[in-house]
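**Student:** Here is my input; please provide its structure:
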Amino acid sequence: MTKIDAVSMQMLTLLQDDGRMTNAALAETLSMSETPCWRRLKRLEESGIIEGYQARLNRRKIGLGVMAFVQLRCSEHDATATATFQRIIETSPNILSCHNTTGADDFLLIAVARDLDDYSTFVETTLRRLPGVTSIRSNLSLREMKSSSRLPIVRSDG
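**Tutor:** Here you go, the predicted structure:
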């Protein structure tokens, strides 16, 4: 784990609040001059702590009314099946995240679709074609109470 000092923690917190914050505003808020602030930011990016920047979209307002939590169980775990599975998962725009999990199921996915008909098509054309899948269980979100990609920033330098 990369060590994160107090100033970097503040910087990461500020950037999670506003990823479009200018270097000048960031430096001012952190009581730093702009050049050291920019260098620190570049180090955070180059170390991989900051992986990128993106706009957070309201899925409903762009027509994605269905969110599903999908549990998959697989019978095949060889290298070829795993590579094909991973390629399909990574290239499917409907799948927001996929986790290899412990427990009865092998994978947990978060998927979105326009409506139930669109979700049904996604299950038929994508999920049922995944190699080795023996079970697909979907839980549809009735109400989203919290949605965040913000991570808690904790000190790692002692």
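**Student:** contacts and neighbour counts: CA atoms only from here.
**Tutor:** OK.
**Student:** Show the pLDDT at the closest residue to residue 59 other than its chain neighbours.
**Tutor:** Closest residue in space to residue 59, ignoring its immediate chain neighbours: residue 65 at 7.0 Å, by CA to CA, 6 or more residues apart in numbering. We have a pLDDT of 97 for residue 65.
**Student:** ok, residue 65 to residue 108 distance?
**Tutor:** Distance, residue 65 to residue 108, by CA to CA, to the nearest Å: 20 Å.
**Student:** Look at those two and report which has more neighbours.
**Tutor:** Neighbours were counted for residue 65 and for residue 108 using other CA atoms under 10 Å; residue 108 has more, 20 against 14.
**Student:** So what sits opposite that one in the bridge?
**Tutor:** When bridges are called by DSSP bridges, residue 108 pairs up with residue 71, residue 99.
**Student:** which ones are touching it?
**Tutor:** Each residue near residue 108 by CA atoms under 8 Å, 6 or more residues apart in numbering is listed here: 69, 70, 71, 72, 98, 99, 100, 101.
**Student:** can you confirm residue 122 is in a helix?
**Tutor:** Yes - counting by DSSP: H, G, I helix; E, B strand; the rest coil, residue 122 is found in a helix.
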